[in-house]
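# A structural model of the following input is requested.
(2 chains)
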Amino acid sequence: MADMSDISRLDQPSTFHQVCSHSANLLRVGIQYGFLPFVIYLGFKRGGQLPTGEYVELGLLSLLWG
Amino acid sequence: MSEPPPSVKPTAEALTPSLQPPVNQNPGAYEELHRKCRDVFPMCFEGAKLMVQKGLSSQFQITHTLSISTANTGYRFGATYIGTQDYPGGETFPVLLADTDGSGNTSATILHQFAEKYRVKLQGQVQQGKLAAAQGTFERRGRLSTYGIMLGNTDLINQSGIVVGHLLRRITERLDLGAELVYQYDKRSGQHSALSYAARYTAPNWTLSSTLGTAGVQVLYHHKQHDGLQFGIEFDANLRQAECVTTFAYQAELPESAVTVRASCDTNWTVGAVFEKRLSPTLPFTLAISGLLNHLKGQGKFGVGLIIGA
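Next comes the predicted model:
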């Protein structure tokens, strides 16, 4: 009689599939929640030096007008 | 008895051959082959739009966009960061662009250049909580040629994706030739590939570019009459759908009135135009009015926008 004890393992994805799935999920979370704050962090880190040489203090309200 | 002519001794500079580095005549990116002509065509939009652009520094810029239209209504926030690595040609790297809306739909772009020749571009887009698109491009820009490869939407689980390879080479001072190979694979639908060839001839006042492939033919002509007037003609033949469209467009700039007009009409009886006017010479307010009308189908769309900032 055929051994059907390992039939439940057929539905489980392989390790490679799990790694790819988790990597894609990580990439999605990184783009959706992390990329924009990272760009804002880089902008604030450089400071508010205008092309004319004038230095402007940056803050969170600077993201709005003014 | 006449005196012999004085002997001219060659100088050390004349004996030394010129060691000037060869001039970089890179033809640019393959995707920008038709850019000169396509920039003349109007980008018509629908609905109302308010855009505020603010440069917080020479490297950092933010954008607020409010739009009301049938296709897209809501608020979008964008941020752009430009690094400090300067390269010849006035380009600065890296460049990071982020754009998001209230629903969490985000698009991200990273562009960076290494060693003046190699350029990497990474793009990702999240829509409705899912990774909608992911694309990576690697490009090598030599003195006379550009080679590039792009991997798009690579899905290792479902074994699907798109690979695009292209090259563009400068043959003479005015002639560029190139080719592009698109390879798409999917576990269900199989493998598909398409090869196309491209050519571009650049004259002082006009440019003729063409793309020829199994999918169709595109021929674009750009003519610059003078600084304030440009024309563009595009012929697009889709062999698979057996359709041909020819579009004529022009761009007129009136610096004294701070007005820019782009208009087009095509063989499908579609007429479109975008009118932009800077409202004040001192304040950064620009009014944009857009209209598109298809006489054959009796369909049209109208848009108005106000842009505050650079």
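# Please report the distance of the nearest residue to B:Gly305 once chain neighbours are set aside from chain A.
Excluding its sequence neighbours, the residue lying closest to B:Gly305 (Cβ to Cβ, 6 or more residues apart in numbering or on different chains) is B:Lys49, at 3.7 Å. For glycine as for every other residue, the C-beta is placed from the backbone atoms N, C-alpha and C. Relative to chain A, B:Lys49 is positioned 17 Å away (Cβ to the nearest Cβ, to the nearest Å).
# Could you check how many residues crowd around B:Lys49?
The local packing of B:Lys49 (other Cβ atoms under 10 Å in any protein chain shown) involves 19 other residues.
# Isn't it up against B:Ser67?
Yes - applying Cβ atoms under 8 Å as the test, B:Lys49 and B:Ser67 come out as touching, 4.7 Å apart.
# how about the helices of the chain, start to end?
No chain specified, so I'll use chain A. A:15-29, A:35-46 (DSSP state H).
# looking at chain B here, not the other one
With DSSP H, the ranges of helices along chain B come out as B:12-15, B:35-38.
# And the last one, what does it pack against?
The reference is to helix B:35-38. When contacts are defined as 3 or more Cβ pairs under 8 Å, 6 or more residues apart in numbering or on different chains; DSSP states H and E, helix B:35-38 packs onto strand B:206-213, strand B:216-226, strand B:229-238.
# Now do the first one: everything it contacts.
To tie it back to what came earlier, the one meant is strand B:206-213. With Cβ atoms under 8 Å, 6 or more residues apart in numbering or on different chains as the test, strand B:206-213 has contacts from B:33-34, B:36-37, B:180, B:194-201, B:217-224.
# what angle separates that strand from strand B:229-238?
On the basis of axes from the mean of the first three to the mean of the last three Cα atoms, to 10 degrees, strand B:206-213 is oriented at 10 degrees to strand B:229-238.
# Could you check the angle strand B:206-213 makes with strand B:216-226?
Put simply, strand B:206-213 runs at 170 degrees to strand B:216-226, going by the same axes, to 10 degrees.
# Sheet-wise, list the partners of strand B:206-213 with their directions.
The sheet places strand B:206-213 alongside strand B:190-202 (antiparallel), strand B:216-226 (antiparallel), with pairing taken from DSSP bridges.
# Show me the shaky parts of chain A.
Scanning chain A with the threshold set as pLDDT under 70 gives A:1-13, A:47-53, A:56-57, A:65-66.
# Go again with 80.
Counting by pLDDT under 80, the ranges of chain A that qualify are A:1-13, A:46-66.
# Could you do the stretch 1-150 of chain B as well?
Applying pLDDT under 80 to the stretch 1-150 of chain B flags the ranges B:1-24, B:88-90.
# near chain A, which residues of it?
B:52, B:54-60, B:62, B:64, B:77, B:79-81, B:84, B:96-98, B:100, B:104, B:106, B:108, B:124-126, B:129-131, B:134 (Cβ under 8 Å from any Cβ of the partner chain).
# Of the strands paired with strand B:206-213, which stretch is the most buried?
strand B:216-226 (a mean of 17; mean count of other Cβ atoms under 10 Å in any protein chain shown).
# List the buried residues of stretch B:62-78.
B:Ile62, B:Thr63, B:His64, B:Thr65, B:Ser67, B:Arg76, B:Phe77, B:Gly78 (16 or more other Cβ atoms under 10 Å in any protein chain shown).
# what sits up against that stretch?
Residues contacting stretch B:62-78 (Cβ under 8 Å, 6+ apart): A:36, A:43, A:63-65, B:45-54, B:56, B:79-80, B:97-103, B:303.
# at 7 Å what do you get?
By Cβ atoms under 7 Å, 6 or more residues apart in numbering or on different chains, the residues outside stretch B:62-78 that reach it are A:63, B:46-54, B:56, B:79, B:98-102.
# Check stretch B:289-306 too.
B:44-51, B:268-275, B:285, B:287-288.
# in it, what's buried?
B:Ser290, B:Gly291, B:Leu292, B:Leu293, B:Lys301, B:Gly303, B:Val304, B:Gly305.
# okay, the residues you listed in CSV with distance to B:Glu139 next?
Formatted as CSV, the buried residues of stretch B:289-306 follow (distance: Cβ to Cβ, whole Å):
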residue, distance to B:Glu139
B:Ser290, 33
B:Gly291, 38
B:Leu292, 34
B:Leu293, 39
B:Lys301, 36
B:Gly303, 35
B:Val304, 38
B:Gly305, 33
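# Dump these to CSV, plus pLDDT.
Listed next are those as CSV, based on pLDDT from 0 to 100:
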residue, pLDDT
B:Ser290, 97
B:Gly291, 97
B:Leu292, 97
B:Leu293, 96
B:Lys301, 94
B:Gly303, 96
B:Val304, 97
B:Gly305, 96
